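Engineer: just need the structure, nothing else, for what follows:
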Amino acid sequence: MPRIAYFGPQGTFTEQAALRFEGELVPFETIPLAIAALRKGETEFACVPIENSVEGAVPATLDALIRDEPVVAVAETVLDVRFSVLVRPGTTEIRSVASHPHALAQVREWIAATLPGVTSIATSSTAAAAAAVERGEFDAAVTAPVAVNHYALDEYATDVLDVADARTRFLLLRRPGALPAPTGADRTSVVVTTPDRMGVLSELLTELALRGINLTGLESRPTKGKLGEYRFYIDVEGHIAEPRIGDALAALHRHSREIRFLGSFPKADQRPVEAHNAEFTAAATWVDAVRKGETG
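Structural biologist: Residues are numbered from 1 along each chain as shown. Alright, predicted model coming up:
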């Protein structure tokens with residue numbers, strides 16, 4: 001059975017997501033450590049959060065994907081987000097609430113209305129907050145519902161959240177190899193580092209628009225080198241095996257100083273992608289025939 005590194009410890013939303021994939025789950029304290037374990041061959045896969053519908057992209061994942069040797073996504077899954085607030089048995093007063101910053105941000109209004117005056121403390125993960133409450137360091141933890149099964153804590157509240165339809169998307173990563181076959185409902189991800197010149201982002205997006213490719217995600221992150229220099233993380237609908245996607249990625253390569261392929265994989269929603277591959281195939285066939293002198 002393959003081993004899957006995940007952003008732990010036990011009791012995180014990432015554990016819930018990783019349980020949807022077949023394998024032995026191995027928790028790591030941070031996202032970079034989980035991806036590093038994959039790179040070093042300690043596990044065959046890694047499961048990490050990539051974006052949340054309320055708080056946006058997960059910077060730790062974006063940065064780890066571009067660091068060191070390449071890894072690629074081969075699958076994704078999406079979880080509806082509902083939080084539990086856990087306390088030690090017998091707790092009657094709550095003065096401090098701990099959790100991951102993304103979790104605290106998603107229950108900010110609930111905390112203000114239900115626990116006015118408490119101090120919110122950021123931890124490395126929702127499960128780390130639960131462990132800290134169990135040790136007596138804080139009074140309450142905002143956690144994934146599964147955390148109550150791993151820690152000697154009681155549920156103070158369940159189904160806690162400010163935005164009713166909050167969701168988080170997770171990626172299943174592995175080292176480069178054979179890509180998942182196209183399904184007709186796929187996503188392709190790349191990260192592009194561009195030259196510092198006027199209009200370069202517009203150039204990238206134009207290449208996608210000209211080919212009728214739907215952009216589903218765009219995030220920028222500093223290169224951590226020169227001030228004002230950024231990488232662009234781009235998600236599009238389609239698979240690199242499709243002529244139009246391959247053609248677009250080749251064009252992005254021409255516009256970039258560096259490009260890293262992050263994977264082509266089935267979308268979690270399995271909604272078919274509107275494609276125009278027949279036109280690209282016909283055009284490529286025509287050009288090939290002209291080069292051979294077979295037509296004009």
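Engineer: any idea which element the residue positioned nearest the centre of the chain lies in?
Structural biologist: Nearest residue to the geometric centre of the chain (Cα atoms, centre = their mean): I50, 1.3 Å. Taking DSSP states H and E as the definition, I50 sits inside strand 45-52.
Engineer: before we move on, the earlier item: wouldn't the residue nearest to the centre of the chain be in contact with R169 here?
Structural biologist: Yes - in terms of Cβ atoms under 8 Å, I50 counts as a neighbour of R169; the distance is 5.4 Å. Quick note: C-beta positions are derived from backbone N, CA and C, even for glycine.
Engineer: joint contacts of the two?
Structural biologist: With contacts defined as Cβ atoms under 8 Å, 6 or more residues apart in numbering, the residues adjacent to both I50 and R169 are E76.
Engineer: for the closest residue to G238 other than its chain neighbours, which three-state class applies?
Structural biologist: Once flanking residues are discounted, G238 sits nearest to I245: 4.2 Å by Cβ to Cβ, 6 or more residues apart in numbering. With DSSP: H, G, I helix; E, B strand; the rest coil as the basis, I245 sits in helix.
Engineer: correct me, but R271 touches A185?
Structural biologist: Yes - counting by Cβ under 8 Å, R271 does reach A185; the two are 5.8 Å apart.
Engineer: of the two, which one has the most company?
Structural biologist: For R271 versus A185, the count of surrounding residues by other Cβ atoms under 10 Å is larger for A185: 16 against 10.
Engineer: run through the residues that contact that one.
Structural biologist: By Cβ under 8 Å, 6+ apart, the contact set of A185 is P266, K267, D269, Q270, R271, P272, V273.
Engineer: narrow those residues to those in strands?
Structural biologist: Counting by DSSP state E, the contacts of A185 place P266 in strands.
Engineer: would you map the helices across the stretch 51-200 of the chain?
Structural biologist: Along the stretch 51-200 of the chain, the stretches classed as helices by DSSP state H, counting those that start in this stretch are 59-66, 101-106, 108-114, 126-134, 200-210.
Engineer: could you dump these to TSV with mean pLDDT, distance to R88 and mean neighbour count?
Structural biologist: As requested, the helices of the stretch 51-200 of the chain are exported to TSV (pLDDT from 0 to 100; distance: least, Cβ to Cβ, whole Å; neighbours: other Cβ atoms under 10 Å):
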stretch	mean pLDDT	distance to R88	mean neighbour count
helix 59-66	94	29	19
helix 101-106	92	19	20
helix 108-114	95	18	14
helix 126-134	95	6	25
helix 200-210	92	50	16
